[in-house]
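have a look at this fold, sequence not included:
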């Protein structure tokens, strides 16, 4: 009865998560096939090829250059992009397949190569698919860097922007009016990546007088966390912010944890037994005080008491009250998140509750994992939970 009561409390904590389906990019791996470099993406779940496709055969077809976009078609079916959301977003279009097949027919015959038997053009989508390479972002002429004055973006990891942005806004006032419509979505914290992504579009970082292009991965993470919530209220993800329009070239500098704040002696009871005593605020979820963070953490208390994972509490505290290291907040460890999720998510799913969208493990990196030290405490396994 006690366990049932605790689980009911968990369900009350995560009411917005009781929805089917989820996006999981934790198994993404780098694309290693040389003939698939430069096709618009860098990660896949199948670096050795989807079952049924021979990468040697695919490589030989690509090397013939029998059609302008033969590499895009072949790579996207044999070594498909590892994306978030609807899988059809990263599939090649039927029209692209039909064109490549027609272009290559005589060349393949002459070189005694055969069209992959698994590649049937009629099975590919006609809409919401990839027709060719991503649209190139034309470098804007050099402009003058200016301090960010749009209030929503004044606390992000950079301080200067340059306009016009990729949406054509020529002043911060104009950009600020447009981005303001997303304030309610930012406040519900559907994704910690939403605000950094939006600011990278509306008030892009100024690099040598030019705007830094938005990061596609950051866009996908923001869409993964907030797209479903928007759909529930009848709002699609904006066409002007389609993640497929961006590249991954500028992604290395977009983590939202390098934000101004202060180190504070940790007072939250939930995290008092961890091997660090100073926390950094605000955190990546937007909590500005320990009281706010502690209130959010309190909602996870029933799940922690069930003992589904010894990694749950250290992970939750690393997000809500991150360790202060050299005057900055230590980014949460992705491995620690995955360990916590693997232990607790099955239990949550049994009661129709999904892992929280704003704690998606793919939003974090492994850079800080070597600095993570778990507290010495007895491990309570959930095998006794029935």
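That came in fine, so what should we check first? Here the structure is a predicted model, which means the values were calculated and not measured.

would you mark the buried spots in the strand or helix carrying residue 341?
Under the criterion of DSSP states H and E, residue 341 resides in helix 334-350. Residues 334-341, 343-345, 347-348 are the ones in helix 334-350 that count as buried (16 or more other CB atoms under 10 Å). (Each C-beta comes from the backbone N, C-alpha and C, glycine too.)

adding distance to residue 307 and pLDDT, write the residues you listed out as CSV.
Output for the buried residues of helix 334-350, formatted as CSV (distance: CB to CB, whole Å; pLDDT from 0 to 100):
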residue, distance to residue 307, pLDDT
334, 23, 86
335, 20, 89
336, 17, 91
337, 18, 92
338, 18, 90
339, 14, 92
340, 12, 93
341, 15, 93
343, 9, 93
344, 9, 93
345, 14, 91
347, 10, 90
348, 14, 88
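
residue 38: which of those residues is nearest?
The nearest member of the buried residues of helix 334-350 to residue 38, counting by CB to CB, is residue 334 at 26.9 Å.

touching, that closest one and residue 341? I think so.
No. Using CB atoms under 8 Å, residue 334 is not in contact with residue 341, being 10.3 Å away.

can you list residues touching both of the two?
By CB atoms under 8 Å, 6 or more residues apart in numbering, residue 334 and residue 341 have these common neighbours: residue 361.

contacting residues for the residue most central in space within the chain?
Closest to where the C-alpha atoms of the chain average out (CA atoms, centre = their mean) is residue 221, at 2.4 Å. Contact analysis of residue 221 by CB under 8 Å, 6+ apart lists 84, 191, 193, 197, 360, 362, 363.

what of residue 187?
Contacts for residue 187 (CB under 8 Å, 6+ apart) come out as residue 286.

now do the helices in the protein.
Applying DSSP state H to the chain gives helices spanning 2-13, 55-63, 70-78, 94-110, 172-179, 183-187, 194-202, 216-232, 290-298, 301-305, 312-320, 334-350.

which parts of the second one are buried?
Right, helix 55-63. Here helix 55-63 shows 55, 57, 58, 59, 61, 62 as buried, counting by 16+ other CB under 10 Å.

out of the contacts of residue 221, which is nearest to residue 146?
Nearest to residue 146, judged by CB to CB, of the contacts of residue 221 is residue 197 at 20.8 Å.

quick one: pLDDT of that closest one?
At residue 197, the model reports a pLDDT of 94.

how about the contacts made by it?
Residue 197 neighbours (CB under 8 Å, 6+ apart): 214, 215, 218, 219, 221, 222, 254.

save the residues you listed as JSON lines, and put in distance to residue 49 and pLDDT too.
Listed next are those as JSON lines, based on distance: CB to CB, whole Å; pLDDT from 0 to 100:
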{"residue": "214", "distance to residue 49": "30", "pLDDT": "91"}
{"residue": "215", "distance to residue 49": "27", "pLDDT": "89"}
{"residue": "218", "distance to residue 49": "28", "pLDDT": "86"}
{"residue": "219", "distance to residue 49": "27", "pLDDT": "90"}
{"residue": "221", "distance to residue 49": "26", "pLDDT": "85"}
{"residue": "222", "distance to residue 49": "30", "pLDDT": "88"}
{"residue": "254", "distance to residue 49": "30", "pLDDT": "38"}
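
need the max-distance pair from those.
Pairwise distances across the contacts of residue 197 peak at 12.1 Å for 214 and 221 (criterion: CB to CB).

so where's the stretch 151-300 of the chain uncertain?
Counting by pLDDT under 70, the stretch 151-300 of the chain shows low-confidence ranges at 252-260.

so residue 94 touches residue 122, yeah?
Yes. Contact status for residue 94 versus residue 122: in contact at 6.8 Å, counting by CB under 8 Å.

between these two, which one's more packed in?
Each of residue 94 and residue 122 has its neighbours counted (other CB atoms under 10 Å); residue 94 has more, 18 against 8.

next up, the contacts around that one.
By CB under 8 Å, 6+ apart, the residues touching residue 94 are 121, 122, 124, 125, 126, 129.

how close does it sit to residue 125?
Per CB to CB, to the nearest Å, residue 94 is found 7 Å from residue 125.

over to residue 49?
Applying CB to CB, the value for residue 49 to residue 125 is 21 Å.
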